[in-house]
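>>> The sequence and its predicted three-dimensional model are supplied below.
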Amino acid sequence: MTTEHTRLVAALRELRSGAGLSLAALAERTAYSKSSWERYLNGKSLPPRQAVRELCRLANEPDGRLLALWEIAEPHWSGRATTSAPAPAPPADEPPQSRPRKAAPPAVPRRRPARGRLLLALTSAYTVIVGGAAALLFVLLPDSEAQEEGPPPSAIPFSLAPLCHGAACEGRDPMRLICGIGPDTLASHRTATGAHVELRHSKKCGASWARTWGTEIGDRLDVTAGGPTHEVRIANKDDAAAFMYTEMTEVGPGSTVRACFRPARADAERECFEARVGGTTTTGPRGLDTAGGE
C-alpha cells in the first residue's frame, strides 16, 4: 500500500465516521456491496472514482479534495506511475513488390556453417556482456529524484494507526499522519460570508486542527493552541470547491484551541472562535473576534 493510497483511505474513513455511515448503510445507498466497502476502507483495494464521489455525497461533503487524493493514488495503485513508456513501433514492412527477389544460397562446404554459428555465438556473448555492463552502470548511477523522494512506496509500511503524538504532530498534515480517522469536532461555526469552519481534535494524536469549506478564493483560516499558528489559504477554485484544513497543533486535556477565519472580501471582518478540549465553545458577538488585532 503506497503513501498516496494510505492518505486516501484515511480521508475516506474520517468521512464515513463523521457521517455515521455503517458498511450496511453504504451498501444500501450506493451501487457497491458491503464487502466492497470493507475492502475500500481497509486499504485492501482502491475504490472506484465513483465510489469516492458517492461517499462524499452521502456525507454531504465537497468531493474536490477526495477526488484529488484518488487521482494521485490511482496511478501508483495501477502501476501506471512506474511503467516505462512503450517502445516505438517498428517501421512498416515494405510492399512485397518492392522487395528484391532473393537468390538461392550457393552451396558451401560443410565446415562453413559451423564457423558461422561460432561467429554468431561470439557476437551474442559480446552483446550480452556489453549490455549487462551498461545496465549495471545505469543501476549504480545516482538517482537524484529517488534520493529526494525517499524510499519507494513498496518500502513504506502500511498502517492505519496514528503516526505521531503531541509535539511530534506540530505543524504536520493530519491526513498524512493518520490523525484524521474518527476525530472529535470541538466546535463549528458559520461565517458571515457563508463558509463553514470546524475545530477538530484527535485524542490518539494529542493534536487539533481546523478545517473549512464553502469558501472563496483568498479566504484564510488559521489555528493555534497557545503555540505556533498554522494557516491554510484558499488559493484557487479547486480549493474553494473542497474542504481544506490547517496543519496540526499540539494540545492536551483542558487546552484552548482558537480558529480565526479571514475572508477575502474587503468588506468582511475576521471571525474567531475558541473551544476547550473537553469543554465548550467561546465566541465574540456574532462570532466576531473581540480581541482585535492580527
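Structure's in. What do you need?

>>> What ranges does this protein have for its strands?
Using DSSP state E, the strands of the chain run over residues 184-190, 196-202, 207-213, 220-224, 230-233, 244-245, 249-250, 256-262, 271-276, 281-288.

>>> Let me know which of these is tucked in deepest.
strand 207-213 (a mean of 27; mean count of other Cβ atoms under 10 Å). Where C-beta positions appear, they are placed from N, C-alpha and C, glycine not excepted.

>>> Which elements pack onto that strand?
When contacts are defined as 3 or more Cβ pairs under 8 Å, 6 or more residues apart in numbering; DSSP states H and E, strand 207-213 packs onto strand 196-202, strand 220-224, strand 230-233, strand 244-245, strand 249-250, strand 256-262.

>>> Take those and write them to CSV, including distance to residue 169 and mean pLDDT.
What follows is the helices and strands packed on strand 207-213, written out as CSV (distance: least, Cβ to Cβ, whole Å; pLDDT from 0 to 100):
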stretch, distance to residue 169, mean pLDDT
strand 196-202, 8, 94
strand 220-224, 12, 97
strand 230-233, 11, 96
strand 244-245, 13, 89
strand 249-250, 6, 96
strand 256-262, 13, 97
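
>>> looking at those strands, which is closest to residue 53?
With Cβ to Cβ as the measure, strand 244-245 is the member of those nearest residue 53 (18.5 Å).

>>> So, low pLDDT: which residues of the protein?
By pLDDT under 70, the weakly predicted segments of the chain are 80-160, 279-294.

>>> again, only using 90
The model of the chain has pLDDT under 90 over residues 1-11, 13-21, 42-45, 59-163, 174-183, 213, 237-245, 278-294.

>>> Let me know which of the strands of the chain is the nearest to residue 71.
Closest among the strands of the chain, using Cβ to Cβ: strand 244-245, at 16.8 Å.

>>> mind listing the helices for the stretch 1-150 of the chain?
3-19, 23-29, 34-41, 49-58, 64-78, 111-140, 144-149 (DSSP state H, counting those that start in this stretch).

>>> Could you name the helices and strands sitting against the third one?
When contacts are defined as 3+ Cβ pairs under 8 Å, 6+ apart, helix 34-41 sits against helix 3-19, helix 23-29, helix 49-58.

>>> would you turn the helices and strands packed on strand 207-213 into JSON lines with distance to residue 2?
Listed next are the helices and strands packed on strand 207-213 as JSON lines, based on distance: least, Cβ to Cβ, whole Å:
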{"stretch": "strand 196-202", "distance to residue 2": "23"}
{"stretch": "strand 220-224", "distance to residue 2": "29"}
{"stretch": "strand 230-233", "distance to residue 2": "24"}
{"stretch": "strand 244-245", "distance to residue 2": "21"}
{"stretch": "strand 249-250", "distance to residue 2": "28"}
{"stretch": "strand 256-262", "distance to residue 2": "32"}
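
>>> For residue 74, which of those is the nearest?
Nearest to residue 74 among the helices and strands packed on strand 207-213 is strand 244-245; the distance by Cβ to Cβ comes to 21.7 Å.

>>> Now do the closest one: everything it contacts.
Strand 244-245 is contacted from outside by 65, 174-175, 180, 200, 209-213, 215, 221, 232, 234, using Cβ atoms under 8 Å, 6 or more residues apart in numbering.

>>> Swap in 7 Å and give it another go.
Residues outside strand 244-245 that contact it (Cβ atoms under 7 Å, 6 or more residues apart in numbering): 174, 209, 210, 211, 212, 232, 234.

>>> Could you do stretch 53-63 as well?
Stretch 53-63 has contacts (Cβ under 7 Å, 6+ apart) with 12, 15-16, 18-19, 21, 29-30, 52, 66-67, 213, 241-243.

>>> if you set the cut-off to 6 Å instead, what comes out?
Stretch 53-63 is contacted from outside by 15, 19, 30, 66, 213, 241, 242, 243, using Cβ atoms under 6 Å, 6 or more residues apart in numbering.
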